[in-house]
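Q: Okay, here's the prediction I keep looking at, along with the sequence it came from:
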Amino acid sequence: MKEEKVLSVIIPVFNERDTIERVIDKVRGCGMKTEIIIVDDCSTDGTRELLKGKLKGKANKVLYHKKNCGKGVALRHGFSAATGDFVVVQDADLEYDPNDFVHLIQPFISGECDADAVYGSRYLRSNRFRVDGFYHELGNRMLTTLSNICSNLSLSDMETCYKMFRRDVIQSMCLKENRFGFEPEITAQLAKKRCRIYEVPISYHPRTFEEGKKIGIRDALRAMYCIIKYNFFVKD
């Protein structure tokens, strides 16, 4: 009988008091054996107190930052603590559904694909998809196109949160971006290392800036800079 694979779920958190409990419950109920690793990036809205109080023990590991360092730093911290067979990024804002993990993991375990990384694409729309704002989607598609031109990949959604990796692959990467530049940086590194990347469709439920969305135009400009930098000016 095959041993069940363990999925390390890295959840970077900054001021997500209203959603963090539901996210943890959804991950715990995804139908897979998980190692939940939460990295609190110095939340100031009561999230930290919730994790230390009511939610204590619901995650396998909770890592706390003494100051706000950014999503990229939180992810590096989480990746280094992972012990599962595979590692996936889960935002704490309920835009992405952990029930999709069972689809993301298939290219790793099917015996036919031998994947190094799997991207959950919001634009391969065979699952439930809440319609996003035109300009937000346009920006994502433009960044994906620029990334594809520079990396010679053919991704449909480079900016997706749902990126799953073999643990040895992600832990071998030397990552440097501190904020949302993680997405183009890791994509460039995977391309340079000739890693086998697959895409699968996922559900998506975008929230608005009024509901707490944090990424903005400054992050989009930084992403463009990172695409050029990590594809052409940073060695493996």
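A: Cool, the structure landed.
Q: tell me which residues in the longest helix seen in the chain are buried?
A: Assignment by DSSP state H gives helix 134-151 as the longest helix of the chain. Within helix 134-151, the residues that count as buried by 16 or more other CB atoms under 10 Å are 139-140, 143-144, 146-148, 150-151. Quick note: C-beta positions are derived from backbone N, CA and C, even for glycine.
Q: Quick check: mean pLDDT of that helix?
A: Average pLDDT, helix 134-151: 90.
Q: who are the neighbours of the helix or strand that that helix is followed by, in terms of helices and strands?
A: Where DSSP states H and E defines the elements, the next helix or strand beyond helix 134-151 is strand 163-166. Judged by 3 or more CB pairs under 8 Å, 6 or more residues apart in numbering; DSSP states H and E, the packing partners of strand 163-166 are strand 86-89, strand 117-121.
Q: Can you tell me which of these is nearest to Gly31?
A: Ranking the helices and strands packed on strand 163-166 by their distance to Gly31 (criterion: CB to CB) puts strand 86-89 first, at 13.9 Å.
Q: what helices or strands is that closest one leaning on?
A: Strand 86-89 packs on strand 6-13, strand 163-166, helix 167-171, going by 3+ CB pairs under 8 Å, 6+ apart.
Q: Tell me which residues are up against it.
A: Contact with strand 86-89 is made by 5-10, 12, 75, 79, 101, 104-105, 108, 161-167, 170-171, as judged by CB atoms under 8 Å, 6 or more residues apart in numbering.
Q: and with 6 Å instead?
A: 7-10, 161, 163-165, 167, 170 (CB atoms under 6 Å, 6 or more residues apart in numbering).
Q: Which strands or helices does the helix or strand of the chain with the lowest mean pLDDT pack on?
A: In the chain, no helix or strand scores lower on mean pLDDT, DSSP states H and E than helix 134-151, which sits at a mean of 90. Contact here means 3 or more CB pairs under 6 Å, 6 or more residues apart in numbering; DSSP states H and E; on that basis helix 134-151 packs against helix 182-192, helix 217-228.
Q: Now do the buried residues in the shortest one.
A: If you call a residue buried by 16+ other CB under 10 Å, then helix 182-192 has these buried ones: 182-191.
Q: from those residues, which single one is nearest Asn231?
A: Ala188 (4.7 Å).
Q: Of the contacts of strand 86-89, which pair is most distant in space?
A: Most distant of the contacts of strand 86-89, by CB to CB, are Cys161 and Arg167, 18.2 Å apart.
Q: who's more crowded, the two?
A: Set Cys161 next to Arg167 and count neighbours by other CB atoms under 10 Å: Cys161 wins out with 21 against 17.
Q: and the residue lying closest to the more buried one once chain neighbours are set aside, what element?
A: In space, and not counting its chain neighbours, Cys161 is closest to Asp91: 4.8 Å by CB to CB, 6 or more residues apart in numbering. For Asp91, there is no helix or strand it lies in under DSSP H and E.
Q: quick one, phi/psi of Tyr198?
A: For Tyr198, the backbone dihedrals (degrees, to the nearest 10) come out as phi -120, psi 160.
Q: who are the neighbours in contact with the nearest residue to it once chain neighbours are set aside?
A: Leaving aside its chain neighbours, Tyr198 sits nearest to Pro107 (4.1 Å; criterion: CB to CB, 6+ apart). Applying CB under 6 Å, 6+ apart to Pro107 gives the contacts 113, 115, 118, 198.
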